[in-house]
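[1] could you work out the structure for the sequence below:
(one chain, ligands or ions: 1)
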Amino acid sequence: MVSIPTRLEQTRARIAAACNAAHRPLDSVQLLAVSKTFGADAVQQAFDAGQRAFGENYIQEALAKIDALAALRTQLQWHLIGPIQSNKSRPVAESFDWVHSVDRLKIAQRLSDQRPPTLPPLQVCLQVNISGEASKSGLTPAELPEVARAVAALPRLVLRGLMAIPEPAQDEAAQRVPHRALRGLLDDLRARLGHQAPQLDTLSMGMSADLEAAIAEGATIVRVGTAIFGGRG
Ligand SMILES: *Cc1c(COP(=O)(O)O)cnc(C)c1O
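    You can find the predicted model right below:
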């Protein structure tokens, strides 16, 4: 087995090469290490190798890890990237720094209401169903402007951008198509919302299999699990 620090190094090298190829500065892309299904020990190994931002899909599993690593809390950034049922929003509002998977206004309202006043505002992305798959969660592009406008007005959230999980595609040219579409939607939102959403700077897209395509199309956060932690079995 290749170690987590080595895999992390390899992933950073992939990101650097993709930034170079796209003529983008290295610090324009943040690596989110997706630690779902792996234990606090794996997160600790990545932390020791310099990684600070971690993505989780399942709320209960994430809360247990956040708790186990409470001593590192001020140094870690925890991002929720999986679905939220409305009756589970409170622990999310209380424990995470970012939520990438906001897919309806009601969830955003609950997160804003429940964000403790002692914490900074919760940073959020709206999830878009970019490939139009019936089985996938996410807003349709048509719904996006109205929901974004309402979310941007919530007092305890900061609307940062868009997130998508495109349908897998074989080659980089095909992978780039949905990523380009998401970037187009962010550009459109920026133009529509202007000063109503001054921090709209985030494109959360690209995973182990397609991070090069995502960076070529402007990803600012890539969410990488398998390439860092190994297969999830
Ligand atoms: C699991 C997951 C990832 C990471 O996927 P890998 O293919 O393991 O890199 C990224 N984003 C979301 C939303 C996920 O659920």
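[2] got the residues of this structure near the ligand?
    34, 36, 57, 81-82, 165, 207-209, 223-227 (CB under 6 Å from any ligand atom). For glycine as for every other residue, the C-beta is placed from the backbone atoms N, C-alpha and C.
[3] which among those residues end up buried?
    34, 36, 57, 81, 82, 165, 207, 208, 223, 224, 225, 227 (16 or more other CB atoms under 10 Å).
[4] so the second one sits against residue 78, correct?
    Put plainly, it is residue 36. No. Residue 36 is not in contact with residue 78 according to CB atoms under 8 Å; the separation is 11.9 Å.
[5] so how many other residues sit close to residue 5?
    15 (other CB atoms under 10 Å).
[6] and the buried ones among the residues of the chain next to the ligand, which of them are in strands?
    Within these, residues falling in strands by DSSP state E are 34, 223, 224.
[7] in a markdown table: these, plus pLDDT.
    Formatted as a markdown table, those follow (pLDDT from 0 to 100):
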| residue | pLDDT |
| --- | --- |
| 34 | 98 |
| 223 | 98 |
| 224 | 98 |
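[8] can you give me the strands for this structure?
    Using DSSP E, the strands found in the chain span residues 30-34, 53-56, 77-80, 98-102, 122-127, 157-163, 202-204, 221-224.
[9] and the fourth one, which strands flank it?
    Its sheet considered, strand 98-102 pairs with strand 77-80 (parallel), strand 122-127 (parallel) by DSSP bridges.
[10] any idea which of the ones you listed is most buried?
    Compared across the strands paired with strand 98-102, strand 122-127 shows the largest average neighbour count, a mean of 25 (mean count of other CB atoms under 10 Å).
[11] so what touches it?
    With contacts defined as CB atoms under 8 Å, 6 or more residues apart in numbering, strand 122-127 is touched by 93, 96-103, 108, 111-112, 115, 137-139, 144, 147-148, 151, 156-165, 202, 204.
[12] from one end of stretch 91-109 to the other, what's the distance?
    Using CA to CA, to the nearest Å, one end of stretch 91-109 lies 14 Å from the other.
[13] avg pLDDT for that stretch?
    The average pLDDT within stretch 91-109 is 98.
[14] give the buried residues for the longest helix along the chain.
    For the chain, the helix with the greatest residue count under DSSP state H is helix 172-193. Neighbour-count burial for helix 172-193 flags 175, 176, 178, 179, 181, 182, 183, 185, 186, 189, 193 (criterion: 16+ other CB under 10 Å).
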